[in-house]
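Peer 1: how does the following fold in three dimensions:
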Amino acid sequence: MRFHKFRAALLTALLVLACGCRSWSAEISLASLFQKRSWAAMDEVYRTRRELSPQDHSLMANALRIQNRWDEAVDILERHAGNFPAEVGPYADMTLLLGYENRKRIPEALKVAARLEKSAPEDLRYYVAYAQVRLLGDGDPAATKKALDRMLETSETRERRISTLARIIKLPGDQSAGALKLLDLQPTNKAARDLLAARPKPWPAAVNLALGQYAYLQNDYKTAIALLGAVPAKSSGWRKAAYYRAWSLYQTKRYTEALNLWGSLALSGNGWAESSVRRIAALAGKAERANAVTTLRRIVKERRGKVQARAMFVLADLLGGAEAKKLEDDLIRVWPDSLNAVKILWGRGWNAWNAENYREALWYWTQLRSPTLDASWTPRVLYWMAAAQKTLGRAKDADRTLDALTRNYPLSLYTFLARPGAITLLDGDPPALSSKPGVLEQWGFVYYAKLRMQRSGASARDLYRSIALSEWLGETADSSYTQA
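Peer 2: Coordinates of the predicted model:
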């Protein structure tokens, strides 16, 4: 860090000596110095230049913020932020708010926050609410609760929602609703569990479900069975409760009861149905095999869609022989695009390959060529199709198949295996991802530009540029802005 400061100071001195005066400052833009992070040179230009634009003031304020020189940054923003364009005004206000907070000017910071609460763009609202929570502290629980609610409403990530709810449940008053939301996101949260467990009984269905799942995850199966069994069959959470109650019964070797619950879930409705089919198959490997097979046959007969496809797949695995092959053939015919059908065709192809029947292997893998095939499967299918074609002496067909692999899946492992060197790495930004600085960057609000580009649903171009901005800001995994 000292070396960088010395280099910047040396650059300034050399420029002054080369010109014999400070007139050089009129010829160099603050924008170019900001982009190069030449802070000492910016100080000199800003101090000596007579005519400065609103953009120059904005760039200087942001440069000072980056250096943690808050007093100077606040002074510039107080005098000039009113001249900034409307698009960057809220970000200048947010920076001013943080400056006030940093200098312990809490009443002024709260005043700016109140203004931003009404006018901030969507990408700033979470940070405004977060700042209000910090500024309010423990002095006004009702106002803090409102700010936390706004944080929760504007949180785009699971981690932020968990963190916000963890704060909410510590507030005075009944915070059961927040505790339920927190356990839904983080079922092992002990603080939320303790809060709900302290409520007077009888507990509503939602509390029994949350505490029952918590007990299950703590391997307290006896408690889980009792709590989850108290969730009424007509309540919205019954299917989830029944699924985890069946798991708890299974863990305590009450296999018949577990099978009955999983069977009822698999035979009707959608939630937890397919997962229940998988659990029935696992149970059949330990106990109740005959009853499990009977249940699976009924599921195959009565259900449709993913649940039927899954039941056909696991039943075939349990039965074996001619009946299993018929089930697999029916599955491929009725649900050809299901993952279970893909697994069957893939496995049959490998059985043929291992038996050196390459023509049959190719036939099975060719059946997998479908526009609906998951992208994680297609590269490996193309690779092994080409291998079979090559083994069969169909070199031109193999080349065409590999052309499709390298063209459509250039970063797949199978592309590198098939054609090492097919991908050339070039210096510079990829043309499809390169972009020019937006307005926030041009006015120095780099951190906010990065946050905007990292929002949910951002394009690949924006995400790529956000990485470049993180590098420019000097952020690492353990070194970044902790506040907005």
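Peer 1: where do the helices of the stretch 1-150 of the chain begin and end?
Peer 2: Under the criterion DSSP state H, counting those that start in this stretch, the stretch 1-150 of the chain carries helices at the ranges 2-19, 30-35, 39-48, 54-66, 70-80, 89-102, 106-119, 122-136, 141-154.
Peer 1: so how far is the fifth one from its chain's centroid?
Peer 2: For helix 70-80, the distance between its averaged C-alpha position and the chain's averaged C-alpha position is 36 Å (CA atoms, centre = their mean, to the nearest Å).
Peer 1: please apply the same query to the third one.
Peer 2: Taking CA atoms, centre = their mean, one finds the center of helix 39-48 at 41 Å from the center of the full chain.
Peer 1: from what I see, L165 and A177 are in contact.
Peer 2: No - applying CB atoms under 8 Å as the test, L165 and A177 come out as separate, 9.7 Å apart. For the C-beta atoms, the positions are set from N, CA and C on the backbone; glycine is no exception.
Peer 1: so which of those two has more stuff around it?
Peer 2: For L165 against A177, the residue with the higher neighbour count under other CB atoms under 10 Å is L165, and the figures read 28 against 12.
Peer 1: for that one, phi and psi?
Peer 2: In this entry, L165 is assigned phi and psi values of phi -70, psi -30 (degrees, to the nearest 10).
Peer 1: so what's A311 closest to, chain neighbours aside?
Peer 2: Nearest-residue entry for A311: I299, 4.1 Å, with adjacent residues in sequence omitted and distances by CB to CB, 6 or more residues apart in numbering.
Peer 1: how many residues are close by I162?
Peer 2: Per other CB under 10 Å, the neighbour tally for I162 reads 16.
Peer 1: looking at this, it is in a strand?
Peer 2: No - with the criterion set as DSSP: H, G, I helix; E, B strand; the rest coil, the secondary structure at I162 is helix rather than a strand.
Peer 1: how about the contacts made by it?
Peer 2: With contacts defined as CB atoms under 8 Å, 6 or more residues apart in numbering, I162 is in contact with L182, L185, Q186, N189.
Peer 1: in CSV, list those residues along with distance to N291.
Peer 2: As requested, the contacts of I162 are arranged in CSV below (distance: CB to CB, whole Å):
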residue, distance to N291
L182, 39
L185, 36
Q186, 36
N189, 37
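Peer 1: among those, which ones are buried?
Peer 2: Applying 16 or more other CB atoms under 10 Å to the contacts of I162, the neighbour count classes L182, Q186, N189 as buried.
Peer 1: need the strands for the stretch 201-350 of the chain, in chain order.
Peer 2: If DSSP state E, counting those that start in this stretch is used as the criterion, the stretch 201-350 of the chain turns out to lack strands entirely.
Peer 1: other residues contacting stretch 119-134?
Peer 2: Under the contact criterion CB under 8 Å, 6+ apart, stretch 119-134 has outside partners 90-91, 94, 97-98, 101, 109-110, 113, 116-117, 143-144, 147-148, 150-151, 154-156, 160, 167, 448, 451-452, 455, 483-484.
Peer 1: quick check: ChimeraX command selecting the buried ones in those.
Peer 2: Provided next is the ChimeraX selection string for whichever of the contacts of stretch 119-134 are buried by 16+ other CB under 10 Å:
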select :90,91,94,97,98,101,109,110,113,116,117,144,147,148,150,151,154,155,167,448,451,452,484
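Peer 1: rewinding a little: what is the nearest of the buried ones among the contacts of I162 to Q35?
Peer 2: Proximity of the buried ones among the contacts of I162 to Q35, judged by CB to CB, is greatest for Q186, which lies at 41.9 Å.
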